[in-house]
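# Attaching a predicted model along with its sequence, questions to come.
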Amino acid sequence: MHRRSLLAAAWAAPFSMVALGSSPARAEMDINRAANFIEATGQELVGALNSRAPVAERRQRVAAILRRAVDVEGVGRFILGRWWRTASPAEQQEYMKLFEETLIRNLSARFGEYEGVRFSLGRSQQRTEDDALVNTVIERPNTAPFSLDWRVGEVGGQPRVVDVIAEGTSLRLTQRSEYSAVISRNGGQVSALLDAMRRQVAALAARENP
Amino acid sequence: MHPYRRPLLLLLGMLALSACATRPPANEPEALAEYEQTNDPLEPFNRTMYTVHNGIDTVLLRPAAEVYRFVLPQPVRTGVGNVLANLRSPVILLNDGLQGETQRFGTTLGRFLLNTTLGVGGIFDVAKNFGLPGHTEDFGQTLAVWGLGEGPFLFIPVLGPSNPRDLTGFGLDIVSNPVTWVVANGDNTIENIGYGITGLTVLDTRERLIETIDSVKETSLDPYATFRSAYRQRRQSEIRNSGANPSSGNAWGTGLGTAGNPPGRN
C-alpha cells in the first residue's frame, strides 16, 4: 500500500460516519463541527473516487473538493516556511500553483488504487486551542484498516483541513523538511524546488494517462 | 595502542570533521533555527551512508524481501511476524516496567501468556481478540523517558535512520533479550536457529516496508530528508505512547524498522 499516496489522499479525504461528541469548552474549532465537516467532505470525496466517470472528470471533481476542504494557501505557505519570503512574487505564485497541482495529481495518478475505499470516524479528540484533531479509520478492499488524524482549523470562518497525521508523522512537517532540503542543497534557490516540482507534476500526469 | 592505528584514527577524525554540515551564522536566526531543529550536524556523512544503504538495499535487502513475499503466502508471513513479535515480548515487558507503565506491562504479560499458549507459540495473535492489542517498546524509548536526549541524527546502513540514543537502546535490546543468551549458550543447532531468527526479522521488517519505501522514493523530492523527518517524528510519538495505531511488536527500535508498518498488513 502506498502510504504516501494515502497521505496525499488524506489531504482530500476527511471521512467520517458519526460525530462522537466530546467537546471541551473554550476551543475555537468545535470538535463536533470539525467531525461533521470531515464527514461531509469525506462522503463527497469517496463518491468522487468511486465514481465510474472518466479519469479527467474524476480529477476535476476531486480538485474542486480539495480546494474547498483543504487550506491549500495556508498549508502551502507553512510548507515553504522561511523560504516564502526569499521567493520572488512570481515564484510564490508559481509555487502555489504547483503545490495545488501536486496535491491533486498525487491523488488522481492513483485513482485505481482507491476504488472501494471506505472511511469511518474513529475517536475524536481536541488537540490544541485552535485546531481540532479528528480521527478516522480508512478501509480498502483486501487491506487491514488503519487510522489517520485530520487537523482541522478555522480559516476565514470555515473549517479547513490543515494537516494529516499518520502514525505520529505529520504530513506538513515531513513535506516542509523535504522542500527545505531541496532548496538548501541548491544554494537557497527556490527556483530549484519549482523545477523539481514541475518535473514531479509531469511524471504524475504521465502516469495518469499512459 | 598500536602505532599503525594512529594514522587511521587521524583519518577517521578528518573524515568526521570534513563531514560536518556548516552551522549557519548567528545573523541568520531562521536558518540557524532550522539547522537546530533538523538536528543533523553530520548530514554530509549521513547522506553518504544513506547512499551506501540504498545500494545494499537495492541489490540485497529489497530483492530478498520480494522473494520472501513471493515464496510465503500472507497468512504464513503474518504467523512469522507474530512469532517474532512474541519472541520480543520479554524486551517489551522489561521496558514497559522500566518506564513505570503498569497497564502496558500487564498488557504485554497477558499477550505473551495468551499467545504462547492459545496462540501456539505465538503464531496466532489471539490476545488481540481478547482486547489486548500489541504495542512496541524498546530501550531507546526508555532512555528517552528517563530524560536522555537523542543526540545527532545518524543514518546507519542496513539499520536505517537512528541516533546515538536509539543505537544504544538497540544494543541494550539485544543484550536484554533472553533469545540472545539462549542462542549464545546453545549448540550448533540452536546457533543456526539464532541466525534464522535474525534473518527472518530482517526479511519480515523489509517486506512490510516495500510499498512505503518505494512510494517515498518515488514521490519525495528528497527521500533522505523525508526519512529523517518521518523517523524523528515517529520516534517522538512512540516515546509519548501516543500512537493511534499500535505498532508491530517486532519494530527494532531503530532505523527503518520503526519508520512505519504499511498500514494494511499485520
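Happy to help now that I have it.

# Let me know the next secondary structure element after the helix-or-strand element of chain A with minimal mean pLDDT.
Ranked by mean pLDDT, DSSP states H and E, the weakest helix or strand in chain A is helix A:3-12, scoring a mean of 48. For helix A:3-12, the succeeding helix or strand toward the C-terminus, using DSSP states H and E, is helix A:31-50.

# What are the buried residues along that following helix?
A:31, A:33-39, A:41-42, A:44-46, A:48-49 (16 or more other CB atoms under 10 Å in any protein chain shown). C-beta here means a position set from N, CA and C on the backbone, and glycine is covered the same way.

# Assumed A:Ser147 was part of a strand.
Yes - the assignment for A:Ser147 by DSSP: H, G, I helix; E, B strand; the rest coil puts it in a strand.

# In which helix or strand does the residue in chain B that chain A sits nearest to reside?
Chain A sits closest to B:Ser237 of chain B, with a gap of 2.4 Å, by CB to the nearest CB. Element membership of B:Ser237 [criterion: DSSP H and E] is helix B:223-239.

# now do B:Glu207
Counting by DSSP H and E, B:Glu207 is part of helix B:188-208.

# Now look at the helix or strand that that helix is followed by and say if it contacts chain A.
The first helix or strand that comes after helix B:188-208 along the chain, using DSSP H and E, is helix B:210-219. Yes - contact of helix B:210-219 with chain A (CB under 8 Å from any CB of the partner chain) involves B:211-212, B:214-216, B:218-219.

# With chain B as the reference, measure out to the closest residue to A:Tyr114 other than its chain neighbours.
Excluding the flanking residues, the one nearest A:Tyr114 by CB to CB, 6 or more residues apart in numbering or on different chains is A:Leu49, at 4.6 Å. For A:Leu49, the distance to chain B equals 17 Å [CB to the nearest CB, to the nearest Å].

# How about the contacts made by A:Leu49?
A:13, A:58, A:62, A:111, A:114-115, A:117 (CB atoms under 8 Å, 6 or more residues apart in numbering or on different chains).

# So which of those wins on neighbours?
Using other CB atoms under 10 Å in any protein chain shown as the neighbour test, these are led by A:Ala13, with 30 neighbours.

# List the residues that contact the closest residue to chain B within chain A.
Nearest residue of chain A to chain B, counting by CB to the nearest CB: A:Gly168, 2.4 Å away. Contacts for A:Gly168 (CB under 8 Å, 6+ apart) come out as B:233-234, B:236-238, B:242-243.

# What is the nearest of the residues you listed to B:Asp166?
B:Glu238 (10.2 Å; CB to CB).

# that older thread, can you turn the buried part of the contacts of A:Gly168 into a PyMOL selection?
In PyMOL syntax, the buried subset of the contacts of A:Gly168 is picked out as below (16+ other CB under 10 Å):
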select buried, chain B and resi 233+234+237+238
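
# ok, the closest residue to B:Ala225 other than its chain neighbours - how many residues close by?
Spatially, and ignoring its direct neighbours in sequence, B:Ala225 is nearest to A:Ala181 (3.5 Å; CB to CB, 6+ apart). Neighbour count of A:Ala181, defined by other CB under 10 Å: 24.

# element containing A:Ala181, please.
Counting by DSSP H and E, A:Ala181 is part of helix A:171-184.

# Just list what that helix packs against, helices and strands only.
helix A:3-12, helix A:72-80, helix A:83-86, strand A:158-166, helix A:190-208, helix B:223-239 (3 or more CB pairs under 8 Å, 6 or more residues apart in numbering or on different chains; DSSP states H and E).

# Among those, which comes closest to A:Trp150?
Of the helices and strands packed on helix A:171-184, nearest to A:Trp150 by CB to CB is strand A:158-166, at 5.6 Å.

# Any idea which helix or strand in chain B has the lowest mean pLDDT?
Result, chain B / mean pLDDT, DSSP H and E: helix B:5-18, a mean of 58.

# Tell me the first helix or strand C-terminal of that one.
Using DSSP H and E, the next helix or strand after helix B:5-18 towards the C-terminus is helix B:29-38.

# Contacts made by that following helix with the rest, please.
For helix B:29-38, contacts defined as CB under 8 Å, 6+ apart pick out A:81-82, A:177, A:180, B:21, B:23-26, B:41, B:153, B:228.

# tell me the angle it makes with helix B:223-239.
60 degrees (axes from the mean of the first three to the mean of the last three CA atoms, to 10 degrees).

# Can you give me the buried ones in helix B:29-38?
B:31, B:34-35, B:38.

# Show me the two of those that sit farthest apart.
B:Ala31 and B:Thr38 (10.5 Å).

# what's the distance between stretch B:32-43 and the middle of its chain?
22 Å (CA atoms, centre = their mean, to the nearest Å).

# er, stretch B:178-195 actually
So, by CA atoms, centre = their mean, the centroid of stretch B:178-195 is 22 Å from its chain's centroid.

# Just the CA trace of it, in PDB.
Extracted as PDB, the C-alpha positions of stretch B:178-195 are listed here (Å, rounded to 0.1, in the frame of the first residue of the first chain):
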ATOM      1  CA  PRO B 178      16.600 -13.900  26.500                       C
ATOM      2  CA  VAL B 179      16.800 -15.200  23.000                       C
ATOM      3  CA  THR B 180      20.300 -13.700  22.600                       C
ATOM      4  CA  TRP B 181      21.500 -15.700  25.600                       C
ATOM      5  CA  VAL B 182      19.800 -18.900  24.700                       C
ATOM      6  CA  VAL B 183      21.400 -18.700  21.300                       C
ATOM      7  CA  ALA B 184      24.900 -17.700  22.700                       C
ATOM      8  CA  ASN B 185      24.900 -20.700  25.000                       C
ATOM      9  CA  GLY B 186      23.300 -23.200  22.700                       C
ATOM     10  CA  ASP B 187      24.800 -25.900  20.500                       C
ATOM     11  CA  ASN B 188      25.200 -25.700  16.700                       C
ATOM     12  CA  THR B 189      21.500 -26.300  16.000                       C
ATOM     13  CA  ILE B 190      20.400 -23.500  18.400                       C
ATOM     14  CA  GLU B 191      23.000 -21.200  16.900                       C
ATOM     15  CA  ASN B 192      21.600 -21.800  13.400                       C
ATOM     16  CA  ILE B 193      18.100 -21.100  14.800                       C
ATOM     17  CA  GLY B 194      19.500 -17.800  16.000                       C
ATOM     18  CA  TYR B 195      20.700 -16.900  12.500                       C
END
